[in-house]
Structure formats: structure tokens, C-alpha cells
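*Asks:* need a structure here:
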Amino acid sequence: MRRHPSPYTRTVTTRRRKHWGWGFEDEQPSPEEVRAAAAGLAAHLGFPQVEVEQPVDLETITLPVPRVVPPSALATFCSTHTHARVSHALGKSYSDVVRGFRGHFDHPPDFVAYPRDEIDVERLLEWCSRERIAAIPYGGGTSVVGGVEPVLDPSYNGAVTIDLGGLRRVLQVDRVSRAALIQGGACGPDLEAQLADHDLTLRHFPQSFELSTLGGWIATRAAGHFATVWTHIEDFVESVRALTPSGTWDSRRLPGSGAGPSPDRLLAGSEGTLGVITEAWVRVQPRPTHRASAGVRFATFAAGAECVRTLSQSGLYPSNCRLIDPSEARYTMSGDGTFALLVLGFESVDHAVDDSMDRALAICADHGGIAGERRGSSEGRRATSSGRGAGGGDGVSGVGAWREAFLRAPYIRDIFVAMGVLSETFETAVTWERFPAFHERVMSAARAAAEGVSGVAHVSCRFTHIYPDGPAPYYTVLAPAQRGEEVEQWAAIKAAVSEVLLAEGATITHHHAVGRDHRPWYDRQRPDPFAAALRGAKAAVDPRGIMNPGVLIDPLQ
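*Replies:* Predicted coordinates:
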């Protein structure tokens, strides 16, 4: 096992995460600010304004007594503090935030471990395996699919959540091959800040970037902000190192290989069921020096979609090609609801991107698109440390407003809970020839389900990623919630839409992972022989079935 001396001397934050929602305690707005924001949001959405609730105080939450306590050899890096157990009990789906807001933590871990190095992880897994204690790997806790909640059957003696935040360093940088060895617990801003010292970037910016981690991205096959080419995290991976109850899973670092099924690809999307990802070599690159962006209006979402299909098959590969329907443009204040908006961007390390943007805008014009003002950076100007502004300039009125809404969405969702608004999102992918009919059916099913439980609803769509053979549409549902019944309302809408996704041959998830929430549909999507093979792999590396039981496959008995 490895102990790494820390080359990273920046101050480690002591800020505490909110115990129930997104972000940090010191970012929580005051009750007066929440009420003011809620009034404005209710008026904008056209929903009735109701009394704004306040979250349950941490001090009033009573948790069950831990079923197990760590042995003295492990106790030095473990905690049974209420905040530790509560803040690691749930992910960040709408259902999770509602339950946390109300103080309903039905399945907290018995304690939380904060390993300092791989030796701590190895010792912890040995003990958990011996005592049949469920071990839940935890990166940023940003799962929106029930991926980190310790829901166990009675055969387990307890649960420990393994918080990887102490493994957060960039360990090596290979400038010749343009790769970096990074620990699995490094969150987005942390690893980008360290790579910036070398004028490099990983260029992976999911919406959860602020809090989510490299190990979590790999474990969930996360997709980043960029619309084409390298966008899923496995596209960046050279090799992965994980600790399992049966030993170390350490693949060879290679640019590519045809030697059988890929060990890295099996870990990608494994969601903590096969081991704890502690390190990965990932492909990095110099930070962009050339960028251009524009916003393009289309009379309808269908017209914009057909344009995006042409762009996806043109070989231009824009960094951003995000199509937003009129309804989403309106409620994100990037439009008035009369047009669809395409956020289009290009960037390059090596060369100017004006010609690519010219050709892309010509394609848009051929499809009836009306371009606004173009924005771009001059040669030599560096991108920001986060890099998240690629394609995000105010190319047309509303693009900047939409980008700000995108970045603040997790925080606004917490306000929605307080003001009694149901907020659900789901994403998928489908081939182009099926998309028009598929889209109509999904929108109809989502609207019918939401109106059935709430009476009125807003349903909208945007493309988050595009491929030559199909888009990844991302749907949002907003509706008045029935206080005390939010989780049931959420479940009804999710089930109705998930049935349509499977019936239409789409995927149950494009980039949000499976977790426990998607299990019923994932079980039907995957081939049965593959499910048996996955169970075999699980039995080989985790014979006691302690690693995140219930996610992807049923717990081993």
C-alpha cells in the first residue's frame, strides 16, 4: 500500500457541508433571503406562493445508536459525530434533499471513516469484510440516484461510509505524455488548482464540479460540460488503481490496448461495488488559448434539433452545443419563451477557431437559426482556472443568464424545496432517427405524470451532449409540491418517465449513474448474461459482498 508525502501545501478548508442540501453551511442564505428568492421564483413560474419552510436544525435530529464502532486501530480516522453521520446519509437528489430538509435520515452510516492514505483504506476494508460491515465509498456525495445511502438488508452488521476527501492530491505530472496521477478524493476545484501550477487542465467540468471528485466521476461514468468528443470521464482515463477486499486492482498505464476486456472500463461505472478508487492516471492538456462562442435562436426546438444533428455529423466537434427549448429558456431567464436557444462554442489549445465558428453558424443559418453577437478570446489569453466558461459568452441575449442558471441550479433546488416546488430532472440518450417521436412521448408522459400529482407543471428539455448518431436530452420538471408528499410525487413522475425511456429503447441514464433509484429499469436494460458476468466479478473481488451493497446488483449472501 502507498503512503504519499504531500506536495500540496495549500490550506485545507475547514468549512462544513450543509447537513441536508447542496454546498456549505456558510453559503446557506438567511430565512429572509430565502423568502425573497421564493417570492420571485413563484411569480416567475406562475405557481402559487406558499409559506416558506425552514430546514430541521441539526441539533434536533436524533439518530439510531451505532450498531458497530470502529476498533481502536481504526478509530483515529473515524467519526460518529452527528454531523458526520447525517451529512453522509443521503445524496443530493430531490428526494434526498426533501428528506434531509425534514430531518428524515432513516439509514445513516454507523460511522464515517476519513482515510489518510491507502493503508487506512486497506485496513478498513479488511475489518469490514471480516465483520460483514457494508463499506460505502464516498467522494463528494453529489449522487442524484441514491448511490451513497446505506440501505442494507438484515444480513449486514452495520455500515461505514468511506469519505475519500483526505486523498486529494495531484501526485505526478507527465508533461511529455500529457498525463497526471491524481488521487481519487480530489474534487474539481482542487485538482484544477493543482494542475494550473503546471498550466494544464483535465477539462472535465460536470455541473457538480465544485464538490464532486475524480474517483466519483470514474465510479459513475460522469460526463462533463463539453458537448462533443472527450466528455465522459472514461475518455480521459489512462489507468485506474482501486483497493478491493481481495487485493489491489491496478491497471497498466497505456494510451490504448486491445488486450481483452478493459480493467479500467469495468471500474468505470462500478459505483463503489467493486472497490475504492484511490488513484488514476488521466489525460490532461494545456489550457485553451483560443475560444469563441455565440448564441443562436431557432423558432422551434425541433428546428434547432435538426440543426444540431447536422452539426454533430459535420466533423466540427464544438466544445459546447447545448440546445435549450423555449420553456427552459424562459424559466432560466435566457429567453422569453418564444424561441429555442443554441449555446455554441469552440476552443483550442493550438489554433484559431474562427473558421470552425463561421462554418457552424452557416449551418445554423441554413436551418433558420439567427445568430447573435459572437464572443471570443484573443490568441494567448488563458481560460479561467475552472475552464467552465467554454462557449459561455453572451453571444446572444440570454446565453450568459442561462450559464449562470446552470451553475446555480443545485443551490436553487434547495430553495425550491423550502418554497414547496417539486424539481426533478432526468437524462437519457437516443439515436437521431428515433428522437422526434421519442421526445414527444417523453414530454407528454412527464407532463401527464406531473399534472396528475400537482395539477400544473412546467416540463422542458435541453441537449447536454451530442453524438453523430444521437443526442443526450435532459428533461426538467417543475411543479407545485404537496407538503409531506413530495417523495411520493417525485417517485410517481420518475417511474412514469422511466417506463417510457425503456419502452422507447433509450438508456435509463446518460451520465447520472444507476444507484438504487434506477435499479428497476437498469435490470431490464442490461442483457441477462452481462448481469451474471457482473455478479461473477463482484463475487471474485468482494466475496463477502460488503462494497456498496444493493447498487447495480443485489447484495451477495
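
*Asks:* from here on, just use CA atoms for contacts and neighbour counts.
*Replies:* Noted.

*Asks:* what bits of the stretch 251-400 of the chain have low per-residue confidence?
*Replies:* Counting by pLDDT under 70, the ranges of the stretch 251-400 of the chain that qualify are 377-400.

*Asks:* quick one: the helices in it?
*Replies:* 263-267, 301-312, 326-331, 354-366, 399-419 (DSSP state H, counting those that start in this stretch).

*Asks:* need the winner for burial among the ones you listed.
*Replies:* Stretch with highest mean neighbour count among the helices of the stretch 251-400 of the chain: helix 326-331 (a mean of 22; mean count of other CA atoms under 10 Å).

*Asks:* which elements pack onto it?
*Replies:* Applying 3 or more CA pairs under 8 Å, 6 or more residues apart in numbering; DSSP states H and E, we find helix 326-331 packed against strand 340-348, strand 458-467.

*Asks:* low-confidence regions, this protein specifically.
*Replies:* In the predicted model of the chain, residues 1-13, 377-407, 557 satisfy pLDDT under 70.

*Asks:* please redo it, this time with the cut-off set to 90
*Replies:* Counting by pLDDT under 90, the chain has low-confidence residues at 1-15, 27-28, 49, 225-226, 229-231, 331-334, 372-412, 555-557.

*Asks:* would you turn the helices of the stretch 251-400 of the chain into a markdown table with distance to Gln49?
*Replies:* Shown next, in a markdown table, are the helices of the stretch 251-400 of the chain (distance: least, CA to CA, whole Å):
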| stretch | distance to Gln49 |
| --- | --- |
| helix 263-267 | 46 |
| helix 301-312 | 30 |
| helix 326-331 | 16 |
| helix 354-366 | 40 |
| helix 399-419 | 8 |
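
*Asks:* circling back to that earlier point, pick the most buried one from the helices and strands packed on helix 326-331.
*Replies:* Sorting the helices and strands packed on helix 326-331 by mean neighbours (by mean count of other CA under 10 Å), the first place falls to strand 340-348, with a mean of 27.

*Asks:* quick check: angle from that strand to helix 301-312?
*Replies:* Here strand 340-348 points in a direction 20 degrees away from that of helix 301-312 (axes from the mean of the first three to the mean of the last three CA atoms, to 10 degrees).

*Asks:* ok so, going back, dump the helices and strands packed on helix 326-331 to TSV, plus distance to Arg447.
*Replies:* What follows is the helices and strands packed on helix 326-331, written out as TSV (distance: least, CA to CA, whole Å):
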stretch	distance to Arg447
strand 340-348	19
strand 458-467	6
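
*Asks:* wait, which of these is closest to His290?
*Replies:* Closest approach to His290 among the helices and strands packed on helix 326-331 is made by strand 340-348 (5.2 Å; CA to CA).

*Asks:* most distant residue from the middle of this protein?
*Replies:* Ser72 (35.6 Å; CA atoms, centre = their mean).

*Asks:* ramachandran angles for that residue?
*Replies:* Phi and psi for Ser72, reported as degrees, to the nearest 10, are phi -60, psi -30.

*Asks:* re the thing from before, out of the helices of the stretch 251-400 of the chain, which gets nearest to Ser30?
*Replies:* helix 399-419 (11.2 Å).

*Asks:* the helix or strand following that closest one packs against which elements?
*Replies:* Sequence-wise, the next helix or strand downstream of helix 399-419 (DSSP states H and E) is strand 421-427. Contacts defined by 3+ CA pairs under 8 Å, 6+ apart place strand 421-427 against helix 94-101, helix 399-419, strand 470-480, helix 486-503.

*Asks:* so what touches strand 421-427?
*Replies:* 94, 413, 416-417, 472-481, 486, 490, 494, 508-512 (CA atoms under 8 Å, 6 or more residues apart in numbering).

*Asks:* can I have the buried ones of those as a ChimeraX selection?
*Replies:* Entered in ChimeraX, the line below selects the buried ones among the contacts of strand 421-427, by 16 or more other CA atoms under 10 Å:
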select :94,413,416,417,472,473,474,475,476,477,478,479,480,481,486,490,494,508,509,510,511,512
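
*Asks:* for the stretch 1-150 of the chain, which segments count as helices?
*Replies:* 31-45, 72-75, 82-87, 94-101, 118-131.

*Asks:* out of those, deepest packed?
*Replies:* helix 94-101 (a mean of 24).

*Asks:* orientation of it relative to helix 486-503 in degrees?
*Replies:* With the same axes, to 10 degrees applied, the angle from helix 94-101 to helix 486-503 works out at 170 degrees.
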